[in-house]
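Asks: pasted the sequence and its predicted model underneath.
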Protein chains: 2
Amino acid sequence: MDEGTGARNGRFHTPHGILETPVFAPVGTQATVKALRPSDLTDLGATLLLSNTYHLYLRPGDELIRDLGGLHQFMGWDGPILTDSGGFQVFSLSDTRQIDDDGVTFKSHLDGSYHRFTPEKSVAIQENLGADVIMAFDECPPPTDRDYVQQSLKRTHAWAERCVQAKTRDDQALFGIVQGGIFPDLREESAQFLMGLDLPGYAIGGLAVGESKADMYATLDVMNPILPKDKPRYLMGVGAPEDVVNGVLRGVDIFDCVLPTRIARNGAALIKGGRINLRNAKFQHDPAPVDETCSCYACTHFSRAYLRHLVKANEILGHILLTTHNVHFLLELVRQMRSAIRQGELASFAADFLSHYPVVGPSQAGL
Amino acid sequence: MDEGTGARNGRFHTPHGILETPVFAPVGTQATVKALRPSDLTDLGATLLLSNTYHLYLRPGDELIRDLGGLHQFMGWDGPILTDSGGFQVFSLSDTRQIDDDGVTFKSHLDGSYHRFTPEKSVAIQENLGADVIMAFDECPPPTDRDYVQQSLKRTHAWAERCVQAKTRDDQALFGIVQGGIFPDLREESAQFLMGLDLPGYAIGGLAVGESKADMYATLDVMNPILPKDKPRYLMGVGAPEDVVNGVLRGVDIFDCVLPTRIARNGAALIKGGRINLRNAKFQHDPAPVDETCSCYACTHFSRAYLRHLVKANEILGHILLTTHNVHFLLELVRQMRSAIRQGELASFAADFLSHYPVVGPSQAGL
């Protein structure tokens, strides 16, 4: 714990190693973090990867991955892996789905074929994949629609119980997902229910899906004193640097997001205070690196002018280098925060870092 | 020299280091070898890269590269670089061009704008780029059309003289390009003319553009005793492994080709005797690496099943890993040939290697 903030520097034991938190997990949707090799991720200091149940179930198939030794061996990553439940993708990627209290029938975004996920099916797939942390199957409702969120909570809670029942492997940690949108009473109700299941970790779901940053941070302020202090807390799908800092200040331990890898493939590089897009004509002759202070391979070897050329020419190396930089940015950020928490200096570190970003809402977690 | 074959193990001095030959140059068309970082190329043992004058002139522009310190600094490669003259691309990529004795007017394949290359312009661009080895501007005629080839030789020879005249930098080696199609007398005529210019190296151009392998090898047999023994010989655009071996047996020192990188992006991996395509359904469950005997990063870490998944899912890592394997294949091949030449064992090495490929024509260079 850091004096004066909610930040925690913890150690979470998994079958593939101990995770020091706060931790940011790069996303390897299809069993690969786009444009990076596992050895690159190790070099960058990545410790935890996230992969997607929905995608791997559809292609190449979770049974194939199981037969080839599980996801770690399949993708050549020997560190901890977390898989989501597939629920979020079923709702966001499939253009046709039908939800009932038993589960969801949906159409594959790849070939239009029909499939059905239930809590039991999600757990079975995640057991085939074999990640260290697996997630309860949940519904992710629109966070500001109170009636929908309230109805949906019952289903999410029933599904969580069914996931616990369905689970057969004892080497995977099943996390529950607290829902409740932006409504403090519903968040508390959801947390209390899931805490009753005595799970090894809790995710805060349903955020970063359209609500304001102020609402996101306020919800984290609600969750922080409720969730158990001795278990990891995972803020799903959050990876904007200012959100990660604000999450850590509010007691979050684990983050994942496609942001650093996705914006890289659009030509954008994270810098303190925002991002720059290398497509911009002003970088055409710029001999400076993306960030003079950055120690990543891209910034220590190449100019903005060269990166702009790669991006404009649609060269794979542009994706590689910008992905490297952006993943490094987030991993370096959590590294610095872990160190600052240990030194009792997180409040000043965070205040300095966040001073480069727009002020959000009235609360800055006591800064 | 290897006993009984024409093979040579030489050392070619450049401002960016000594090249040990035979050498294979991966191609970095747009100032990047597609899907590899410079550090990856170093790790793979690449010593020489080729880059394309035509592409870099159009984008990002040779003057921009000059202003940013030249091609080595721009692309972060501190070893030797060879640039072609742009001639071949003008003829093969531009859909509209008009050739006369002074030069070629052509339409950009990028934006349809009109441009003109002359021998003087090609040298000026290559001086801006700053490669260690630059090439004379030549015409690459259809190799089996004797009348065209004969007419074209005059132009190629006059252009070579103009390139020598136009050259102003003394830290770049200008190679001449022997043309003459598949016709021994024209090849000899071209070689004798260019040798009269006393250039530091000679390329054999106009091959691997549609003629048979037997014709290619026969032409190399013609060139071998004619070209000066003490200067490097460069077989342009050749990179099929069996052609590289046959080239070395016939006295060739330098090769370049997009083959290993291009077929990688189509899902194909080089193996001794041919290639396999990872799209093939038979690899879906295959836990073996592409090549059990290969020491590259891809083969020591990943299964064919995983590579197939990456290729099918169009993941960048698929391009990275297959490019790594294919470039390694060719670099390892020339490494083994250099060693075999030093040991006086090239004939048996080549006989064994070529036994995996179809026999071509009556001659196997004395094997």
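Replies: Received it, and whenever you're ready, just let me know what you need. Numbering: from 1, shown residues only, chains lettered A, B, ... in the order given.
Asks: just the element for A:Tyr217, please.
Replies: Using DSSP states H and E, A:Tyr217 maps to helix A:213-226.
Asks: number of residues surrounding A:Gly17?
Replies: 14 (other Cβ atoms under 10 Å in any protein chain shown). All C-beta spots, glycine's among them, are computed from the backbone N, C-alpha and C.
Asks: separation between it and A:Asn314?
Replies: The spacing between A:Gly17 and A:Asn314, counted by Cβ to Cβ, to the nearest Å, is 37 Å.
Asks: same deal with A:Leu346?
Replies: A:Leu346 is 41 Å from A:Asn314, by Cβ to Cβ.
Asks: and A:Thr21, by the same measure?
Replies: For A:Thr21 relative to A:Asn314 (Cβ to Cβ), the value is 38 Å.
Asks: go on, A:Val245?
Replies: 33 Å.
Asks: I figured A:Ile81 hits A:Ala131, correct?
Replies: Yes: judged on Cβ atoms under 8 Å, A:Ile81 makes contact with A:Ala131 at a distance of 4.2 Å.
Asks: any common contacting residues for these two?
Replies: The contact sets of A:Ile81 and A:Ala131 overlap at A:51, A:71 (Cβ atoms under 8 Å, 6 or more residues apart in numbering or on different chains).
Asks: A:Thr21 and A:Asn314 - which one has more neighbours?
Replies: Neighbour tally, A:Thr21 and A:Asn314, criterion other Cβ under 10 Å: the higher count belongs to A:Thr21, 25 against 10.
Asks: quick one, what contacts that one?
Replies: A:8-12, A:232, A:253-254, A:338.
Asks: out of those, who's the most crowded?
Replies: In these, the most neighbours by other Cβ under 10 Å go to A:Ile254, 28 neighbours.
Asks: so the closest residue to that residue other than its chain neighbours: helix, strand or coil?
Replies: Spatial nearest neighbour of A:Ile254, chain neighbours left out: A:Tyr234 (3.9 Å); criterion: Cβ to Cβ, 6 or more residues apart in numbering or on different chains. What DSSP: H, G, I helix; E, B strand; the rest coil gives for A:Tyr234 is strand.
Asks: one more: A:Ile276?
Replies: strand.
Asks: can you give me the neighbour number for the nearest residue to A:Asp62 once chain neighbours are set aside?
Replies: The shortest distance from A:Asp62 to any non-neighbouring residue, by Cβ to Cβ, 6+ apart, is to A:Asn128 (3.9 Å). Using other Cβ under 10 Å, A:Asn128 has 20 other residues around it.
Asks: for whichever helix or strand A:Asn128 is part of, packing partners?
Replies: Assigned by DSSP H and E, A:Asn128 belongs to helix A:119-129. Contact partners of helix A:119-129 among helices and strands, from 3 or more Cβ pairs under 8 Å, 6 or more residues apart in numbering or on different chains; DSSP states H and E: helix A:53-58, helix A:62-67, strand A:133-135, helix A:146-166.
Asks: next secondary structure after the longest one?
Replies: Going back to what we said before, that points to helix A:146-166. Sequence order places strand A:173-178 as the next helix or strand after helix A:146-166, per DSSP H and E.
Asks: quick one: buried residues of that next one?
Replies: By 16 or more other Cβ atoms under 10 Å in any protein chain shown, the buried positions in strand A:173-178 come out as A:173-178.
Asks: same deal with stretch A:156-166?
Replies: For stretch A:156-166, by 16+ other Cβ under 10 Å, it's A:156-157, A:159-164, A:166.
Asks: low-confidence stretches in the stretch 51-200 of chain A?
Replies: Of all residues in the stretch 51-200 of chain A, none has pLDDT under 70.
Asks: what residues does it put near chain B?
Replies: Listed as neighbours of chain B in the stretch 51-200 of chain A under the rule Cβ under 8 Å from any Cβ of the partner chain: A:59-60, A:64, A:67-69, A:74-76.
Asks: next one: phi and psi at the residue positioned nearest the centre of chain A?
Replies: Closest to where the C-alpha atoms of chain A average out (Cα atoms, centre = their mean) is A:Asp256, at 1.6 Å. A:Asp256 has phi and psi values of phi -140, psi 150 when expressed as degrees, to the nearest 10.
Asks: that one pairs with what?
Replies: A:Ala25 (DSSP bridges).
Asks: and it, what pLDDT?
Replies: pLDDT recorded at A:Asp256 is 98.
Asks: what do you get for the one 5 residues further on?
Replies: Per-residue confidence at A:Thr261 stands at 98 (pLDDT).
Asks: tell me which element it falls in.
Replies: Here A:Thr261 sits within helix A:259-265, counting by DSSP H and E.
Asks: quick one on the thing from earlier: list the contacts of the helix holding A:Asn128.
Replies: Under Cβ under 8 Å, 6+ apart, the answer for helix A:119-129 is A:51, A:53, A:56-57, A:62-63, A:65-66, A:70-71, A:83, A:85-87, A:103, A:134-137, A:159-160, A:162-163, A:166-169, A:172, A:174.
Asks: please enumerate the helices of the stretch 201-350 of chain A.
Replies: For the stretch 201-350 of chain A, helices defined by DSSP state H, counting those that start in this stretch occupy the ranges A:213-226, A:241-249, A:259-265, A:297-301, A:304-312, A:316-343, A:346-354.
Asks: could those helices go into CSV alongside distance to chain B?
Replies: As requested, these are exported to CSV (distance: least, Cβ to the nearest Cβ, whole Å):
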stretch, distance to chain B
helix A:213-226, 31
helix A:241-249, 23
helix A:259-265, 8
helix A:297-301, 5
helix A:304-312, 4
helix A:316-343, 4
helix A:346-354, 29
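Asks: mean neighbour count, those: which tops it?
Replies: Greatest average neighbour count among the helices of the stretch 201-350 of chain A goes to helix A:241-249 (a mean of 26), per mean count of other Cβ atoms under 10 Å in any protein chain shown.
Asks: just the CA trace of that helix, in CSV.
Replies: Taking Å, rounded to 0.1, in the frame of the first residue of the first chain, the C-alpha atoms of helix A:241-249 are listed here in CSV:
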residue,chain,number,x,y,z
PRO,A,241,-2.2,5.7,-19.7
GLU,A,242,-4.1,8.3,-17.6
ASP,A,243,-6.8,5.7,-16.8
VAL,A,244,-4.1,3.2,-15.7
VAL,A,245,-2.6,5.8,-13.3
ASN,A,246,-6.1,6.7,-12.0
GLY,A,247,-6.9,3.0,-11.7
VAL,A,248,-3.7,2.3,-9.6
LEU,A,249,-4.5,5.3,-7.4
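Asks: what inclination does it have with respect to helix A:316-343?
Replies: 30 degrees (axes from the mean of the first three to the mean of the last three Cα atoms, to 10 degrees).
Asks: for helix A:241-249, packing partners?
Replies: helix A:213-226, helix A:316-343, helix A:346-354.
Asks: quick one, which of those is nearest to B:Phe283?
Replies: helix A:316-343 (22.6 Å; Cβ to Cβ).
Asks: average model confidence for the closest one?
Replies: On average, helix A:316-343 scores 98.
Asks: count the residues that sit near the closest residue to chain B within the stretch 151-300 of chain A.
Replies: Of all residues in the stretch 151-300 of chain A, the one sitting closest to chain B is A:Pro287 (5.8 Å; Cβ to the nearest Cβ). By the measure other Cβ under 10 Å, the count of residues near A:Pro287 is 13.
Asks: for the residue located most distally from the centre of chain A, what are its contacts?
Replies: In chain A, the residue that sits farthest from the middle, by Cα atoms, centre = their mean, is A:His285; the gap is 35.8 Å. By Cβ under 8 Å, 6+ apart, the contact set of A:His285 is A:305, B:64, B:67-68.
Asks: out of those residues, which is most surrounded?
Replies: A:Ala305 (21 neighbours).
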